[in-house]
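K.L.:
let me see the structure of the following:
(3 chains)
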Amino acid sequence: MKPPPFEYYAPTTVEEAVAHLAEHGYDAKPLAGGQSLIPMMNFRLAQPAVLVDLNNIAELSFIRPGDEGGLSIGAMTRHQTVEKDALVAERAPLIDETMPQIATRQIRSRGTIGGSLAHADPSAELVSVSVVLDGKFRVVSQKGERWVPASEFFLGLFTSVLEPEELLAEISLPPLPDRSGWSLMEIARRPHDFCLIGVVALVTLDEEQNCKQARIAFLSAGDGPMQAQNAAKVLEGQPFTPEVIQEAAEVAVASDIDPSSDIHATADFRRHLANVLAQRALTQAFERAVGN
Amino acid sequence: MSDLFNLSLTVNGAAYERQVEPRLLLSDFLRQNLGLTGTHVGCEHGVCGACTILFDGEPARSCLIFAVQAHGHEVLTVEGMGTIDNLHPLQEAFWEAHGLQCGFCTPGFLTTLLPFLEENPDPSEEEIREAISGNLCRCTGYQHIVDAVKLAAEKMRT
Amino acid sequence: MTKEFIGKRIKRNEDPRLLTGQALFVDDVDIPGMLHAAFVRSDYAHAKIVSIDTSTARQMPGVVAVYTAEDMGDEWQPGPPLVSPPPTVEDVVFHSRRQAPLVKDKVRHAGETVAVVVAESRYLAEDAAEEIWVEYDPLPAVVDIEKGLEPNSPLVHDDLESNLAAHLSQEKGDYEAAKAQADVVISKKIHIDRGAAAAMENRGIVAHWDEKGQLLTIWDTTQAPIPIRNGTAARLGLSENQVRVIAPFVGGGFGPKIMMFYPEEMLIPWISMKLCRPIKWIEDRRENFYATTQERGQVHEVEMALTKDGKILGLKDDFLHDTGAFDPYGLTIPLNTQSHVMGPYEIANFSSEFKVVFTNKTIVTPVRGAGRPQGVYIIERLMDAAARELDIDPIEIRKKNLIAPDAFPYSHSIIDQAFAELILDSGDYLPTFEKAIEMIGYRQFIEQEQPRLRAEGKYVGIGITPFIETTGVGPYEGARVQIEPSGKVNLATGIGTQGQGHFTSFAQIVAEQLGVDVTDVRIITGDTAEFHWGTGTFASRGAVVAGNAVYAAASGVRKKVLKMASKVLDAPEEELEIQDGMVRVADIPRMSISLGELAAQANPLRGAVEPGTEPGLEATDYFGPQYGATAFGTHAMIIEVDPETMLVEIKRYVTAEDCGRMLNPLIVEGQVHGGVSMGIGNAYYEQLHFDENGQLLNASLADYLIPSSMEMPPRIEVGHAETKSPLSELGTKGVGEAGTIPVPACFAQALENALQDFDLEIAETPLSPNRLYELLYKKEQ
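P.N.:
Next up, the predicted model:
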C-alpha cells in the first residue's frame, strides 16, 4: 500500500497554485489535508499525476467575522483550528458542534474544512451542514473568482462544480436568524465511522413559535447532501407537535432521500433510521429554537 | 522516477536534512530513512492510529502525510518521549498499569495522549476513551490503557 | 524461605523496550543490500490462469527479479500439511489440499499469490506489480458452504468429486433413544459467519541467506519459529542447523500467525537463496484481509432433548465447517467445536457429524477461540431456548446440568483436537458460575432494575454464560535455564511471544526457584538458535506447557545449586536456602555464597570436572502434558438496546475465570480484557462480507469494524477462582482465548432478554444493527 509516483508542487500563494492547476488540468489534484486523498493513493485507487500541495499557502488559512454577524473561513483552515475557535463557537454554533464529530483527533489535526467540502463525500458532516447553513463558497482560478451557494456546489458522489483548474478558497456563512435552533445527529457503527445515516436540521420560529423556516439535509442518504425540501414544506407555518414532526420525517423518507444499500446497512434500514433520526433532530432543533 | 526534494526538518529535537521522493510517506521516512522504527505501520489508510506522531505538537497519522510535507516542521516520535532508563511519566504509567501487551499499537497511543494530557490534566474516563478512540488496540480491550492514562494524569499533575 | 513471585501482580520486564520504541519487530530489521518484495494477487476468487505477462515489469526501474510458478521450475511444491488427519476414528474422510507458494493452474481465492516482484524498494516493487498482466478465465465461485455441497456446485479442487474436504462423526451413548424418552426436543438451525484476527501488526518476513557462512536467517512474525525452521530446512535442502528462525517481538498473533506455511513463508527464503540478497516482505493491511487466515464460518443443525424439569438427556449437532480454499490445519477447528458443544454440562447421549467444505475464500485456520466460540454459541443458544420453552429460569437450567465437582476428571467420551479422549482434568464449576451471578447482581437486576428501567421505556437485558476452554495441549515444550557468573539468569524457550508477557511470567517461575529478582531473569523466546525444540504458541498453552517446562528446568538448576553449595559451604542441602541471589545456611548468614560465584566455580578453567557431572549451573527440561488442562469461566453482561436505532450499549461486563493457578493476575486480567474485546467484535461488529463471486467487500479497517475504546463497556470486572490442574506441577490452565469464547453467546442471550417484548429469537452471529432491524421488523426475511 504505497502511493504511486507523482509530480509535486508546493506553492505558497493562491496565484501560484491556480497557475499549476491551469497548467496541468485534469492530471492535477490539489492536496489539502490529505486525509481522504492519501488513503486512496495508498490503496492506488487514486493516481493523480500531479499534486499541488496547498499546505504552504498561508492566505488560505483564516477565520474572520463576516458581514452582519456572519463568518468567513479559509479553505485550508484545519478542522482542529475551527473546533477550538471562539468566534466560530459564537457565530456558528452548529459548526462548533459539528467539528468534534468529524473523524478522530489525528484526522482533524490535519484535515481542512475546504478539503472536506471539495471532496464532496455525502457522508461528510460539513457537506450537509454547509447546505443547511446556506453557506457560500468562493472559488478561484486564473480566470478570476466566483461565489457558489452550498446548495448548488455539490453535484453528486464525490463530485462538485469545481473545474480542474479551480480551487475552493473560502467558505462564507450568514448569521443564524433569530429564534433558530439546530441539530446534527448521526448513526454510525463506531462513533468515528462514516455514518449509516445522519441529519442536520436548522429551524426558525415565528412569533407564535410555529415553524417559519426549516432547512434539513441528510447525510449518507443519496449521492450528495440530500436536502429535505418536501419535509420543510410540511413544517412551514406549523407548530412543532410530535404529529407534525412525524409527518415531516415520513415525507422526507418517502420523497427527499434516496439511500442505497451497502454491507453496513440496506436502503430500507437507512430509511428507517432517517425517519427515527429526523424526528429526534427536529425535536432537538425546535427545543433549542424556543430557548434562543 | 520523480525528482528528489530537499527536506529539512526537526525530529525529536534533532535537525535532519535528507533528499526524498515526494511520494515517500512520512511513516516510511521516519522508519527507513531515519531508523526511528518506534513509529509502527498498521494500516496505511489512517484508521488504526499505530503510526501517530506529533506534527508541530499535534497528533497526526504519519501514513497520511508525505515526508516532503514535513519540510520546516517539527516531528516528535515515541523515541523522543523517554528512554528505557528515563521513562516519561506517561510511559511509566503504561508500564505500571499493564497498558500494553504486544506493544505494537503503543507508540501511537503515547503520542496521541501526550498533548491530550497537557490540555486536560485531569480527564474523566469518558474523556480518555474519546481521546484514544482513534487508536485501535487488539490486545488490551483498552481498560488497562484507560487506567494507565488516569495514573499518568496523576503522575503528571504532581 | 525463597521469595514467592508466582501469583503476584508484577509489572512486565519487556515493557520499557516496547514503550520507548526500542523493541525489535520484523519490519524493523534492516540489512545492507536488502531488497523488497511485493505480490501480484488474484483479483478473482476462482479462475483459470490463461497467461501471465511479466515482460514490462521486469524492465521497470529498480526491479531485480520477478517470479511466477513457472519460474520456480522443479522447486515449486505445495506446503506441507500442518496438522495430520485423525487416525483414530472410524470412517473418517480427509482430503488434504495445501496452498502453493505461487499459483500454477487456477486461483482458488481472491488474494492468492500469482507472482512476486523483488525490487530496490517496496514502492518500486508495487509499481512493477501493477504492470504484471494476468489473463484469467473466471469460474463460478463456491461461497456458501451449504450450496458448496450441492451436486451441481462448481469444484474448488477439480480432482475431487465434491467440495467435501472432510467428514467425521462422533457418538456417545444413544441420542435417538434419549430423544424418544424426552419431554421436549428443541431444534434450531444456527449460522455463524467469518471474522478476521486482525492483529495490529500484519505479517512479515525478512530472509537473509549468507552465502559464505551457508546460513539462512529468517525473521518471521510466526507463532511457531521451530516448525518454520524445520519445514524451511526440509524445503530448501538445508540442515536444520543452517536455518535460524527468529520470531522477535510480534504485534499480536491470535492464531493466524501459526498457519504454516504461508505462501510468502515458502517464497521469501527461497528468493533470498536465489539472489543471495536479504529480502523483506511486509504484508500490508489490504493483503492481510485477503491472505491471512480467517475463521468461524459454520452452519449447525442441532437438537436438544430434555426432561420437562430441564435436565438434558441428549444433544445432536450436525454441522458444516468452511475451511476456505485449502485445509492445511486439518480438523482442529471442527473438533474443537465438537469438544465445546457439550461444554460444562453433563450430557450422556451425544451425536455429532461434521462436514468440512472447501470454498473459494481465504484459508481457514484457528483464530483466538478456534472453533470453541461456535460450540459455546450452539449449546448456549439451546439452553436459552430450552429455558424459554420450559419456563425455567435460564440460570437454574444451567445449574441443573453443570458437571458436578466429584465427577472430575470427567470424560466427554469423544476425541478432541489432539485426537485423544476429551477429558476435563479438573474443575468446580458451580462456585465460579455463582460468582459471576453474584458479581453482576442477577436477581436484583431481574427483579428490580429491569422492570424499573423498562417502565422508563428502556430496553435492558442480561446474559450469563458459562463455558469451558480446553487449553494447554501437547505435545511438549522445553526450556533451558542457566545462571551466569554475574548472578543473572538466562532462560531460553522455543515458543515465541506475541504480547502474552512471557518475559515476565516465565521469569517469575525462574525467580521463585532460584531466589533472584524477576528483573534478573533474561529471557529469550522464539529464536531457534537459542533453543532447538518446541512447537509454538497456540491453544492457550504457553503458561501450561512452556510454563511447566520452565519450572522443570529451573527446578533442575535449583537442585544443582543446592548440591554444589552444600559442598562449598560444607552444610547439608536441607539447611540451605536461596534468597536474594545468595545461597546460605539458614540462620547463619555469614555462611553464604552468591549464585554468580557458584556459577563461576561450576565452570572452572583448570582442575578436573568429576565424571558424570556437567559444567555450569544449567539445566534443560521439557514438559509434555498427558492431556490438556480445561479451564472454566462465566461471563455476564448487561446491555441496553435502542430498538429504534438498533444501537447496543454494553453497560456492565463481568467475568469469573478459573484458569487454574495464576502466574500473574495482572497479565491474566489483560488477557481476559483483550479477549472480551475481540468477542464483542465477533458478536456485533466484525464480519467479513463476501459477495456471490467470492469477493471480499470490506478489506479495510474502515469497513471491518474492530471495537475501539468507545464500543467497550466502561469496565470489565474480572473475578477469579483457582482450581489447580492436577496434570502439572504449576497447576496452570490457559486463559489466552477464554475472554473471547463465550461473548457472542452471552450477547445473544442479553439481546433476547432485553427485547422480550419483540419475541426475538437469535440463531446467528455476528449480528449488526442492520441485521437486528431485519430480525425485529422484517420477520419474513
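K.L.:
in terms of helices and strands, where is the residue nearest to residue A:258 when sequence neighbours are not counted?
P.N.:
Nearest non-adjacent residue to residue A:258, counting by CB to CB, 6 or more residues apart in numbering or on different chains: residue A:222, 4.1 Å away. Quick note: C-beta positions are derived from backbone N, CA and C, even for glycine. Assessed by DSSP states H and E, residue A:222 sits outside every helix and strand.
K.L.:
any bit of stretch C:51-62 sitting next to chain B?
P.N.:
Yes. Using CB under 8 Å from any CB of the partner chain, stretch C:51-62 reaches chain B at C:61, C:62.
K.L.:
may I see the buried residues of that stretch?
P.N.:
C:52, C:54, C:57, C:60, C:62 (16 or more other CB atoms under 10 Å in any protein chain shown).
K.L.:
contact partners for the last one?
P.N.:
Under the criterion of CB atoms under 8 Å, 6 or more residues apart in numbering or on different chains, the contact list for residue C:62 reads B:1, C:119, C:120, C:121, C:124, C:125, C:128.
K.L.:
against chain A, how distant is it?
P.N.:
12 Å (CB to the nearest CB, to the nearest Å).
K.L.:
give me the nearest residue to whichever residue of chain A sits closest to chain B, chain neighbours excluded.
P.N.:
Using CB to the nearest CB, the closest approach of chain A to chain B is made by residue A:104 at 2.8 Å. Distances taken as CB to CB, 6+ apart put residue B:134 closest to residue A:104, at 2.8 Å, once the chain neighbours are dropped.
K.L.:
and the one you found, which of the three is it?
P.N.:
Taken by DSSP: H, G, I helix; E, B strand; the rest coil, the conformation at residue B:134 corresponds to coil.
K.L.:
okay, now the unreliable bits of chain C?
P.N.:
Scanning chain C for pLDDT under 70 picks out the ranges C:1, C:83-88, C:779-781.
K.L.:
please name the nearest non-neighbouring residue to the residue in it that chain B sits nearest to.
P.N.:
Nearest residue of chain C to chain B, counting by CB to the nearest CB: residue C:21, 1.7 Å away. Leaving aside its sequence neighbours, residue C:21 sits nearest to residue B:38 (CB to CB, 6+ apart; 1.7 Å).
K.L.:
show me what contacts the one you found?
P.N.:
So residue B:38 contacts B:77, B:78, B:79, B:107, C:20, C:21, C:22 (CB under 8 Å, 6+ apart).
K.L.:
just to revisit the earlier point, so the residue of chain A closest to chain B sits against residue A:191, correct?
P.N.:
No. Between residue A:104 and residue A:191 there is no contact under CB atoms under 8 Å: 9.2 Å.
K.L.:
neighbour count winner among the two?
P.N.:
Shown here are residue A:104 and residue A:191; by other CB atoms under 10 Å in any protein chain shown, residue A:104 has more neighbours (25 against 16).
K.L.:
how about the more buried one, phi and psi?
P.N.:
Backbone torsions of residue A:104, given as degrees, to the nearest 10, read phi -120, psi 170.
K.L.:
ok, it to residue A:189 distance?
P.N.:
Relative to residue A:189, residue A:104 is positioned 14 Å away (CB to CB, to the nearest Å).
K.L.:
ok, residue C:180 next?
P.N.:
The gap separating residue C:180 from residue A:189 is 47 Å, by CB to CB.
K.L.:
tell me the secondary structure for the closest residue to chain C within chain B?
P.N.:
Per CB to the nearest CB, residue B:38 is where chain B lies closest to chain C, at 1.7 Å. Here residue B:38 takes the coil state, with states given by three-state DSSP.
K.L.:
show me the domain layout of the chain.
P.N.:
Going with chain A. Listed by automatic domain parsing, the domain ranges of chain A are A:7-53, A:58-173, A:180-291.
K.L.:
not what I meant, chain B
P.N.:
B:5-80, B:89-157.
K.L.:
packing partners of the longest helix that chain A contains?
P.N.:
Longest helix in chain A, counting residues (DSSP state H): helix A:267-291. Applying 3 or more CB pairs under 8 Å, 6 or more residues apart in numbering or on different chains; DSSP states H and E, one finds that helix A:267-291 contacts strand A:180-187, strand A:197-205, strand A:211-219, helix A:242-251, helix C:769-777.
K.L.:
now, of the ones you listed, which is deepest in the fold?
P.N.:
For the helices and strands packed on helix A:267-291, the largest average neighbour count (mean count of other CB atoms under 10 Å in any protein chain shown) is found in strand A:197-205, namely a mean of 27.
K.L.:
are it and chain C in contact anywhere?
P.N.:
No. Counting by CB under 8 Å from any CB, chain C has no neighbours in strand A:197-205; the shortest distance is 9.4 Å.
K.L.:
residue with max distance from the center of the chain?
P.N.:
Answering for chain A, as no chain was given. Most distant from the centre of chain A: residue A:208, at 31.3 Å, with distances by CA atoms, centre = their mean.
K.L.:
oops, chain C please
P.N.:
residue C:607 (51.0 Å).
K.L.:
so that one: helix, strand or coil?
P.N.:
When classified by three-state DSSP, residue C:607 comes out as coil.
K.L.:
for it, give its distance to residue C:601.
P.N.:
For residue C:607, the distance to residue C:601 (CB to CB) stands at 10 Å.
K.L.:
one more: residue C:594?
P.N.:
Applying CB to CB to residue C:594 and residue C:601 gives a distance of 10 Å.
K.L.:
which bits of the stretch 151-292 of chain A sit near chain B?
P.N.:
A:190, A:191, A:192.
K.L.:
perfect, I'm done here.
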